[in-house]
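Visitor: Take this sequence and fold it.
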Amino acid sequence: MGVWDFIQDQVLGMQWLNALIGMGLSSLGLDVAGRIGGSIQFFIYDVLKITVLLCVLIFAISYIQSYFPPERSKRILGRFHGVWANIISALLGTVTPFCSCSSIPLFIGFTSAGLPLGVTFSFLISSPMVDLGSLVLLISIFGTKVAIIYVLLGLVIAVIGGAIIEKLHMEKHIESFVLSAGSVDIESPDLTIRERLIYAKEQMRDTFKKVFPYILVGVGIGALIHNWIPENWVETVLGSNNSFGVILATIVGIPMYADIFGTIPVAETLLFKGAQLGTVLSFMMAVTTLSLPSLIMLRKAVKPKLLALFIGVCVIGIIVVGYLFNVFQFILM
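Guide: Here you go, the predicted model:
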């Protein structure tokens, strides 16, 4: 086993933890090869693994994020123009909140500050869809190549989506209260290392409280699929025999509300049961980017035509990415 394989399987994937839990449950008389014992092992292992990774990642990313408060982010974005502004905006989205609902207030703030609409939409798309946390979690489950390509294609969707919205000049479809809100340019205070560490700890605690219920639900659904739903069912609906699996997974994912941490266990088990890689990744993208609560919040800030354009661009991009992953799955996995 190479060094990177060891990091991927034992450090990020925590396979040692799975083996340890299996031995512990077996010593208690549970058959971990059976449905009930296997479900319990899967649930305990995935909850512990994702919780540990979640806390470490949020702490690290929040510390980085302390260098990019809204005022500084606005100044950074203001220095770039054209497609470069969309690229920088999408990249900034990778170090900001983990779910679409918490990205929308920042989107409104950037738009109120006078940043180009396409630039702010690139941020709005990339922030929940791709972040540093999702990269590490995806590596732990799907491998390095899949994780990196997923993040890169997510950034491409954000850049192209923002550029399309910019070219169509949709400013008149922003609600008036956003445009008239204005912006107070507050100079961000310089924080000490200790203050940044305190900020990161608080962000970790608050995000954990908000996200943990979705982890429990997501892992619970994953455990159910993993041990109780027959493989041929999943293969029939989401496998290679169904050419509409990507579209179905995208449509099913949109009404749901979860973040990347609660969605990955479901995607992991669907893949294990025979679903195609691109199909489960499309499901993940749809859930994290186009959840129904976030769309309801966004409707307060934009008019129906712009909202429909945003949904359409994201859906088409997600479906294209899904089919690309399915075509090249045999190379990536």
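Visitor: How about Ile247, nearest residue that isn't a chain neighbour?
Guide: In space, and not counting its chain neighbours, Ile247 is closest to Ile319: 6.0 Å by CB to CB, 6 or more residues apart in numbering. (Each C-beta comes from the backbone N, C-alpha and C, glycine too.)
Visitor: quick one, what contacts the one you found?
Guide: By CB atoms under 8 Å, 6 or more residues apart in numbering, the residues touching Ile319 are Val246, Ile247, Thr250, Ser282.
Visitor: where in the protein is pLDDT low?
Guide: The model of the chain has pLDDT under 70 over residues 1-2, 70-71, 96-102, 179-189, 257-260, 333.
Visitor: With just CA atoms, put the host helix or strand of Ile264 into PDB.
Guide: According to DSSP states H and E, Ile264 maps onto helix 260-272. Backbone C-alpha positions of helix 260-272 (Å, rounded to 0.1, in the frame of the first residue of the first chain) are rendered in PDB as follows:
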ATOM      1  CA  ILE A 260     -22.600  17.700   1.800                       C
ATOM      2  CA  PHE A 261     -22.000  15.900   5.100                       C
ATOM      3  CA  GLY A 262     -25.500  14.400   5.300                       C
ATOM      4  CA  THR A 263     -25.700  13.600   1.600                       C
ATOM      5  CA  ILE A 264     -22.400  11.700   1.100                       C
ATOM      6  CA  PRO A 265     -23.500   8.600   3.200                       C
ATOM      7  CA  VAL A 266     -26.500   8.200   0.900                       C
ATOM      8  CA  ALA A 267     -24.400   8.600  -2.200                       C
ATOM      9  CA  GLU A 268     -21.800   6.100  -0.900                       C
ATOM     10  CA  THR A 269     -24.400   3.400  -0.300                       C
ATOM     11  CA  LEU A 270     -26.100   4.000  -3.600                       C
ATOM     12  CA  LEU A 271     -22.800   3.500  -5.400                       C
ATOM     13  CA  PHE A 272     -22.100   0.400  -3.400                       C
END
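Visitor: So what touches that helix?
Guide: Contact partners of helix 260-272, identified using CB under 8 Å, 6+ apart, comprise 42, 46, 50, 54, 98, 128, 131, 133-134, 137-138, 141-142, 211, 214-215, 217-219, 221-223, 225-226, 234, 238, 277, 279-281, 283-284, 287-288.
Visitor: how far off helix 260-272 does the lengthiest helix in the chain point, in degrees?
Guide: Longest helix of the chain, by residue count under DSSP state H: helix 193-228. Relative orientation of helix 193-228 versus helix 260-272 (axes from the mean of the first three to the mean of the last three CA atoms, to 10 degrees): 30 degrees.
Visitor: Determine the set of other helices and strands touching helix 193-228.
Guide: Counting by 3 or more CB pairs under 8 Å, 6 or more residues apart in numbering; DSSP states H and E, the packing neighbours recorded for helix 193-228 are helix 35-65, helix 260-272.
Visitor: Counting neighbours, which bits of the longest one end up buried?
Guide: By that I understand helix 35-65. 37-51, 53-54, 57-59, 61-63, 65 (16 or more other CB atoms under 10 Å).
Visitor: next SSE after it?
Guide: Per DSSP H and E, helix 35-65 leads on to helix 70-78 as the next helix or strand towards the C-terminus.
Visitor: Tell me what angle that next one forms with helix 35-65.
Guide: Helix 70-78 runs at 80 degrees relative to helix 35-65, counting by the same axes, to 10 degrees.
Visitor: Select only the buried ones of the contacts of helix 260-272 in PyMOL?
Guide: Those of those that count as buried under 16+ other CB under 10 Å are selected in PyMOL with:
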select buried, resi 42+46+50+54+98+128+131+133+134+137+138+141+142+211+214+215+218+219+221+222+223+225+226+234+238+277+279+280+281+283+284+287+288
